[in-house]
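Engineer: predicted model follows, preceded by the sequence.
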Amino acid sequence: MEGSAFAAIPEPEARPFVLADQINSETAKLKLEQVPTYQMSLNGVLIVDKPAGLTSHDVVNRVRRILGTRAVGHVGTLDPMATGVLPLVIGNLTRLAQFYTSGEKSYEGVIRFGFATDTYDRDGTPTAAPQPVRFSLDTLREWAARFRGVIEQLPPPFSAKKVDGVPAYKLARKQKEFTLRRVQVEVKEFEILGLDGERAQFRARVGSGTYLRSVAHDLGQQAGCGAHLESLRRTAVAEFSLAHAHTLEEVEAGARRGSARDLCVPPREILPALPFVTANEETLARIRSGRSVNLPELSRAKQVKVVDGRRELVAIASRVAGTLFHPKIVLAGNPPARTAKLSKPDPPYKGQGEPRDH
């Protein structure tokens, strides 16, 4: 969301949950152009702690350069302002992206009250003069409770939602009038952790498609003084958390040492809802060639993960009948040459990058 009017917004004070916001955006972009390449073959899921100032696609490009492969995609777009958990699927494991299209996400962040912005976050232009903030923490928590559960939400005007086939952000940038439809989303958790003057710290856990920018904006309307999302840090996507995450510098250092594979999520921890079986060489050979196999120890499971030891996820197999399983997705072999659907550039958002679901 770079390129918007920062000058019109008062300088933000130091605030919690936003350590990565200290990274200068231009410096981050410069570092992106100076990344060395370390050629290696890698299939895995790598969780990056995305810094502020980079789009999700910037992170993909940097990891592509570090690993020397184009077979890198991201799961769940983060806007440049946001930091935190960004899962990357690499090599053959790009095929796992289909399992994470509706994954639950968790966040921590700061909502600033006193004025709204046109983008519903700090990178936008204020839409009105600042208003006094006059409510207590208890009152704010009462208002926040109204946003929990399954709610009807109006997406931000600067979003990827389409209007007659055109993304809303394109119309908003041209200052054209349009109407977005409310969508049903689920806010599983929304807790106000504290209130310090104009700023409220929060924690949230939401279903796919939820815009926390809209939650902040609507909460400001409830308060009668306006509000916008000032900072956002994603703490989890599905089973992946900050405990799995590595900085881009750590990824580069691992690639330099030839140990980038050690930074990937262990295959048995991927898709934890599916049971796993460690197959022998004969079974692995059949699965790699796309043939059905008998897995008697997992006769009650609908889908299973097939792993080769502790380091490789070979396939996702579906039960055909009884103990007979057929590989639904084979993750062995050479990585695909291109991953266009996963790694196409993020659509522009007031200049660069558009968040999908926050």
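Structural biologist: Structure received. These numbers were taken from a predicted model, which means no experiment stands behind them.
Engineer: list the residues that contact Glu142.
Structural biologist: Not one residue lies near Glu142 by CB atoms under 8 Å, 6 or more residues apart in numbering. For the C-beta atoms, the positions are set from N, CA and C on the backbone; glycine is no exception.
Engineer: rerun at 10 Å
Structural biologist: Phe135, Ser136, Ile192, Gln222 (CB atoms under 10 Å, 6 or more residues apart in numbering).
Engineer: nearest to Val251, of these?
Structural biologist: The nearest member of those to Val251, counting by CB to CB, is Ile192 at 34.6 Å.
Engineer: for the helix or strand hosting that closest one, which positions count as buried?
Structural biologist: Secondary structure from DSSP states H and E places Ile192 in strand 183-196. For strand 183-196, burial by neighbour count (16 or more other CB atoms under 10 Å) applies to Val185, Glu186, Val187, Phe190, Ile192, Leu195.
Engineer: can you check stretch 314-334 too?
Structural biologist: Val314, Ala315, Ile316, Ala317, Arg319, Phe325, Pro327, Ile329, Val330, Leu331, Ala332.
Engineer: thinking again about what came up before, quick one: buried ones out of the contacts of Glu142?
Structural biologist: Looks like the contacts of Glu142 have Phe135, Ile192, Gln222 buried, using 16+ other CB under 10 Å.
Engineer: now do the last one, the pLDDT please.
Structural biologist: Yep, that's Gln222 we're talking about. On the pLDDT scale, Gln222 is placed at 96.
Engineer: touching, it and Ala144? I think so.
Structural biologist: Yes: at 8.9 Å, Gln222 counts as touching Ala144 under the criterion of CB atoms under 10 Å.
Engineer: ramachandran coordinates for Asp79?
Structural biologist: With angles defined as degrees, to the nearest 10, Asp79 sits at phi -70, psi 160.
Engineer: now Glu319, what's its secondary structure?
Structural biologist: Check again: residue 319 is Arg, not Glu. Assigned state for Arg319: strand (three-state reduction, DSSP: H, G, I helix; E, B strand; the rest coil).
Engineer: ok, it touching Pro327?
Structural biologist: No: assessed by CB under 10 Å, Arg319 is found out of contact with Pro327, at 11.5 Å.
Engineer: this completes my enquiry, with thanks.
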